[in-house]
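Okay, predicted coordinates and the sequence, questions at the end:
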Amino acid sequence: MTVDVTVVVPTYNEGPNVAELVRRLAAALGPDGGGQVVPGGVEVLFVDDSRDDTPAVIEQVAARSALPVRMIHREVPDGGLSGAVVAGLRAATGERVVVMDGDLQHPPEMVPVLLATARETGADVVVASRYTGRGDAGGLDGRYRRWVSKASGLLARSMFPVKLRDVSDPMTGFFVVRRAAVDLAALRPRGFKILLEILARQRLVVVEEPFVFGERFAGRSKATVANGLRYVQQLTLLRFGRLSPFALIGALGAVLNLAILAGLQALGVHYLPAVVWANVVTIVINFLLQERFVFADLREGAHGFWGRFVRSFAFNGTEAAVRTLLLWWIVERAVPHPELVQAVLILVAFVVRFVFQAQVVYRPRGTSRARGRTGDRPGEHAQP
């Protein structure tokens, strides 16, 4: 079935909200509910990552709904909520896609308003904003969450002043997008903030409509401190790519390396074995941090954990050995300050280590051959 509008609703254990959400959408959009009829029709597509009875509830609601209801249930919730939205965009049949949460804090009655604005303006994206006009974020739980939301949006707009210049609320999960305008292959979904991902990776025409963020109908908020940390990671990767967190971990490793070197020398250890121990410790710690915070999304298609560790340790160990020989040569002949020389050599080796990790340790197996078969455009699978 082909429709003009697909409403994509990512859900995670939201069973108690499903029936009310579909009822209100039907009332707002469907002819049987007296709502504003959308030319060509509307469908509701749930992308469900639940581990409770939510899929069964969706099926029951779909059987009696006035609007067509489909469901994609993901056993592996790749990319979290953002990944669910991207899966919905891929599966949508509508020319325009409405993205909204399943907890009714995004009022279904706003959907016709957003769609009307999209038709009238021809914009690629219509953002439902809590921070423009008569918009309100009152439904957020407490003053702290409202402050965090505003501060997070301000940080995003500061890092993308051009692409977000017309967006007062880049953190919202309520928007309409023209599906053909979004390059889905360019998206690297992670965490909660898919709108930021969409707007930051391409130039799109954006307009806003104010809305009042409502109270949750049932259930509990999924927001956590971990989600906040993932947002910071997402923002950093969008702005600077993998090089930024890699550089941060490298900087921490360099400080640790120099601290171990200085500490062992203070205990009377000769600088050469002290350098070796400092290198071994920091190589292992850097690898574990990079696994978690830099290359986490590439681990599945790359070598196994021990394969990645061996390749990383072998390369970094060889690089450290060469660097130690250079350190010895420079300290003995020119600069009798091993900490200073070590710092300079670590800086010089930084870019080489990054390229090796990205292109060898975490390179997906078979990528080159797959490109040759499918004829992908240059850069189509490039990582941020």
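Received the coordinates, thanks. Numbers count the residues shown, from 1 in each chain.

Once you drop chain neighbours, what's closest to residue 260?
Counting by C-beta to C-beta, 6 or more residues apart in numbering, residue 260 lies nearest to residue 278, which is 3.9 Å off, once chain neighbours are set aside. Where C-beta positions appear, they are placed from N, C-alpha and C, glycine not excepted.

my guess is the one you found meets residue 257, correct?
Yes - Residue 278 lies in contact with residue 257 (C-beta atoms under 8 Å); the separation is 4.6 Å.

so where do the helices sit in the stretch 1-150 of the chain?
Along the stretch 1-150 of the chain, counting by DSSP state H, counting those that start in this stretch, helices occupy 15-29, 54-64, 80-91, 111-121, 142-159.

Report the buried residues of stretch 59-71.
61, 62, 65, 66, 67, 68, 69, 70, 71 (16 or more other C-beta atoms under 10 Å).

And for stretch 111-124?
For stretch 111-124, by 16+ other C-beta under 10 Å, it's 111, 112, 113, 114, 115, 117, 118, 123, 124.

For the protein, which helix extends over the most residues?
helix 305-333 (DSSP state H).

From the contact counts, what lies against the helix or strand immediately after it in the chain?
Note on helix 305-333: by DSSP states H and E, the next helix or strand toward the C-terminus is helix 338-356. Applying 3 or more C-beta pairs under 8 Å, 6 or more residues apart in numbering; DSSP states H and E, one finds that helix 338-356 contacts helix 243-266, helix 271-293, helix 305-333.

looking only at pLDDT, what's the mean for helix 338-356?
Per-residue pLDDT over helix 338-356 has a mean of 72.

what angle separates it from helix 243-266?
Between the axes of helix 338-356 and helix 243-266, defined by axes from the mean of the first three to the mean of the last three C-alpha atoms, to 10 degrees, the angle is 150 degrees.

Run through who's touching helix 338-356.
Outside helix 338-356, the residues within contact range by C-beta atoms under 8 Å, 6 or more residues apart in numbering are 242-243, 246-247, 250, 254, 257-258, 261-262, 265, 271, 275, 315-316, 319, 323, 326-327, 330-331, 335.

wait, is residue 177 part of a strand?
Yes - counting by DSSP: H, G, I helix; E, B strand; the rest coil, residue 177 falls inside a strand.

Next up, the contacts around residue 65.
22, 26, 44.

partners of the last one in the sheet?
Think residue 44. Here residue 44 sits in beta bridges with residue 7, residue 69, going by DSSP bridges.

from memory it sits against residue 11, does it?
No - shown here, residue 44 and residue 11 do not form a contact pair, counting by C-beta under 8 Å, at 11.1 Å.

and the longest helix of the chain, what does it pack onto?
helix 271-293, helix 338-356.

Which positions in it come out as buried?
Residues of helix 305-333 classed as buried by neighbour count (16+ other C-beta under 10 Å): 308-309, 311-313, 315-316, 319-320, 323-324, 326-327, 330-331.

Same question for stretch 73-83.
Those would be 74, 77, 78, 79, 80, 81, 82, 83, for stretch 73-83 by 16+ other C-beta under 10 Å.

on that earlier part again, just send the helices and strands packed on helix 305-333 back as TSV, with mean neighbour count too.
Below are the helices and strands packed on helix 305-333 laid out as TSV (neighbours: other C-beta atoms under 10 Å):
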stretch	mean neighbour count
helix 271-293	18
helix 338-356	16
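
Farthest-apart pair in the buried residues of stretch 59-71, please.
Greatest spacing in the buried residues of stretch 59-71, by C-beta to C-beta: 66 and 71 (16.8 Å).

Quick check on residue 105: phi, psi?
phi -70, psi -20 (degrees, to the nearest 10).

any weak-confidence spans in the stretch 251-384 of the chain?
297-298, 300-302, 351-352, 354-355, 357-359, 362-384 (pLDDT under 70).

At the geometric centre of the protein, which residue do we find?
Residue closest to the average C-alpha location in the chain (C-alpha atoms, centre = their mean): residue 190, at 2.6 Å.

For residue 272, which residues are in contact?
So residue 272 contacts 324, 328 (C-beta under 8 Å, 6+ apart).

please redo it, this time with the cut-off set to 10 Å
Residue 272 makes contacts with 324, 325, 327, 328, 331, 338, as judged by C-beta atoms under 10 Å, 6 or more residues apart in numbering.

Residue 120 now?
Going by C-beta under 10 Å, 6+ apart, residue 120 touches 126, 207.

Distance check, it against residue 133.
Using C-beta to C-beta, to the nearest Å, residue 120 is found at 16 Å from residue 133.

got it, and residue 171?
Counting by C-beta to C-beta - residue 171 and residue 133 are separated by 17 Å.

neighbour-wise, which of those two wins?
Using other C-beta atoms under 10 Å as the criterion, residue 171 and residue 133 rank with residue 171 on top: 23 against 11.

The more buried one - nearest residue in space that isn't next to it in sequence?
Nearest to residue 171 is residue 153, by C-beta to C-beta, 6+ apart, at 5.0 Å.

The one you found and residue 132 touch, don't they?
No - using C-beta atoms under 10 Å, residue 153 is not in contact with residue 132; the gap is 11.2 Å.

between the two, who's got more neighbours?
Per other C-beta under 10 Å, whichever of residue 153 and residue 132 has more neighbours is residue 153, with 22 against 16.

OK, contacts around that one?
Counting by C-beta under 10 Å, 6+ apart, residue 153 makes contact with 129, 130, 131, 164, 167, 168, 169, 170, 171, 172, 193, 196.

Just give me how far stretch 262-273 sits from the chain centre.
Computed by C-alpha atoms, centre = their mean, to the nearest Å, the chain-centroid distance of stretch 262-273 equals 43 Å.

I meant to write stretch 323-330 there.
For stretch 323-330, the distance to the chain centre is 41 Å (C-alpha atoms, centre = their mean).

Offset the numbering so it begins at 59, please.
All set: I'll call the first residue 59, so the last point we hit is now stretch 381-388.

Tabulate the CA atom coordinates of that stretch in PDB.
Output in PDB follows, covering the C-alpha atoms of stretch 381-388 (Å, rounded to 0.1, in the frame of the first residue of the first chain):
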ATOM      1  CA  ARG A 381      59.800   5.700  19.400                       C
ATOM      2  CA  THR A 382      61.900   4.400  22.300                       C
ATOM      3  CA  LEU A 383      65.000   4.000  20.100                       C
ATOM      4  CA  LEU A 384      64.500   7.500  18.800                       C
ATOM      5  CA  LEU A 385      64.100   8.700  22.400                       C
ATOM      6  CA  TRP A 386      67.300   7.000  23.400                       C
ATOM      7  CA  TRP A 387      69.200   8.400  20.400                       C
ATOM      8  CA  ILE A 388      67.900  12.000  21.000                       C
END
